[in-house]
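S.K.: My questions concern the predicted model and sequence given below.
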Amino acid sequence: MKKLALPFIFCVSTFFYFSCSSDIDNATDNQQPESISFQLKSMSSDSIAVAKRLYADMMQSQPYIDMKTSVRAFNTKIGYNKGVSFLTKAEWMQWISSNISKTNYASVNQFEYMYNDFVSKSTVVRQSNQRLFNLLRTAANNDLIYSYIINPELEIVTPEPDIQSACEEACMDACTYNIDVEIEGYRQDLILADVLGSQEYRDMAVRDHDFMMNIIIPADLNLCMMECEQNGGSN
């Protein structure tokens, strides 16, 4: 059996397994802003269309790309520490002071620098897209409209790996389920962040989502696949 190395799983992690999209994502993909506006009157169809375009533009912008690169670097050094999530910098600093040996950070100062870098880049994204975030705060009062606008944020292109046993198939089923749960949780967190108009809460949502999708879920999948190999592919 071909050995599944950890770097392979990590490379695939950004793309894999959102083939089982949630019903809400499918509905918002297929529904046009006019029909949404007709059903749910919290925004005009023009405002919905503008917000969707602005969100897509934001995701392609250099400040947004820089922010995502920064949060990935931050999370990579956090390492495999399940359940580590805090809203405030003070909470993070308290945690890292007692747990730095469990991470890949060389020092508390390095951690603080990289934390500040992410927050700074996130602030630039928000300041560069004030019109969009004003529209998102309005849209956040309506789940269907909001989901339609941010749908590109939730889309993942997913090549399918070569499954060679029932055990590996079970691993992938578990991974798919975990991704579906994470995507829906992320959507709900973004809604709450924009209802509150809170950059701090949105930063936590972005940070946690990247952590789950690119650190925890890929690592769990890799461990599951390795156990399959060790057990000769049996369940």
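M.R.: Thanks, I have it.
S.K.: So what does residue 87 have for phi and psi?
M.R.: Phi and psi for residue 87, reported as degrees, to the nearest 10, are phi -80, psi -40.
S.K.: That one: neighbour count?
M.R.: Neighbourhood size, residue 87 [other C-beta atoms under 10 Å]: 12. The C-beta positions use only the backbone N, C-alpha and C, and glycine is treated the same way.
S.K.: Spit out the contact partners of it.
M.R.: Applying C-beta atoms under 8 Å, 6 or more residues apart in numbering, we find residue 87 in contact with 200, 201, 204.
S.K.: please redo it, this time with the cut-off set to 6 Å
M.R.: Applying C-beta atoms under 6 Å, 6 or more residues apart in numbering to residue 87 gives the contacts residue 204.
S.K.: And it, how far from residue 72?
M.R.: Separation of residue 87 from residue 72 (C-beta to C-beta, to the nearest Å): 20 Å.
S.K.: buried set for stretch 86-104?
M.R.: For stretch 86-104, a neighbour-count test (16 or more other C-beta atoms under 10 Å) marks 92, 95, 96, 100, 103 as buried.
S.K.: ok, now stretch 153-166?
M.R.: Under the neighbour-count criterion of 16+ other C-beta under 10 Å, stretch 153-166 has 153, 154, 158, 161, 165 buried.
S.K.: Quick one, grab the pLDDT at the last one.
M.R.: Read that as residue 165. Model confidence at residue 165, given as pLDDT, is 89.
S.K.: tell me the phi and psi of it?
M.R.: phi -160, psi 160.
S.K.: what residues are up against the residue nearest in space to the middle of the chain?
M.R.: Residue closest to the average C-alpha location in the chain (C-alpha atoms, centre = their mean): residue 209, at 3.2 Å. The contact partners of residue 209, by C-beta under 6 Å, 6+ apart, come to residue 186.
S.K.: Likewise for the one 3 residues further on?
M.R.: Counting by C-beta under 6 Å, 6+ apart, residue 212 makes contact with residue 182.
S.K.: Could you report the pLDDT at it?
M.R.: Among the per-residue scores, residue 212 holds a pLDDT of 95.
S.K.: helix or strand right after the longest helix along the chain?
M.R.: The longest helix of the chain (DSSP state H) is helix 166-196. Downstream of helix 166-196, the next assigned helix or strand under DSSP states H and E is helix 199-211.
S.K.: Could you export stretch 178-194 as PDB, CA atoms only?
M.R.: Output in PDB follows, covering the C-alpha atoms of stretch 178-194 (Å, rounded to 0.1, in the frame of the first residue of the first chain):
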ATOM      1  CA  ASN A 178     -15.900  17.100  10.200                       C
ATOM      2  CA  ILE A 179     -15.400  19.600   7.300                       C
ATOM      3  CA  ASP A 180     -19.100  20.000   6.800                       C
ATOM      4  CA  VAL A 181     -19.600  20.700  10.500                       C
ATOM      5  CA  GLU A 182     -16.700  23.100  10.500                       C
ATOM      6  CA  ILE A 183     -18.000  25.000   7.400                       C
ATOM      7  CA  GLU A 184     -21.400  25.400   9.000                       C
ATOM      8  CA  GLY A 185     -19.900  26.500  12.300                       C
ATOM      9  CA  TYR A 186     -17.700  29.100  10.500                       C
ATOM     10  CA  ARG A 187     -20.800  30.400   8.600                       C
ATOM     11  CA  GLN A 188     -22.600  30.900  11.900                       C
ATOM     12  CA  ASP A 189     -19.600  32.500  13.500                       C
ATOM     13  CA  LEU A 190     -19.300  35.000  10.700                       C
ATOM     14  CA  ILE A 191     -23.000  35.800  11.000                       C
ATOM     15  CA  LEU A 192     -22.600  36.500  14.700                       C
ATOM     16  CA  ALA A 193     -19.500  38.600  14.100                       C
ATOM     17  CA  ASP A 194     -21.300  40.800  11.600                       C
END
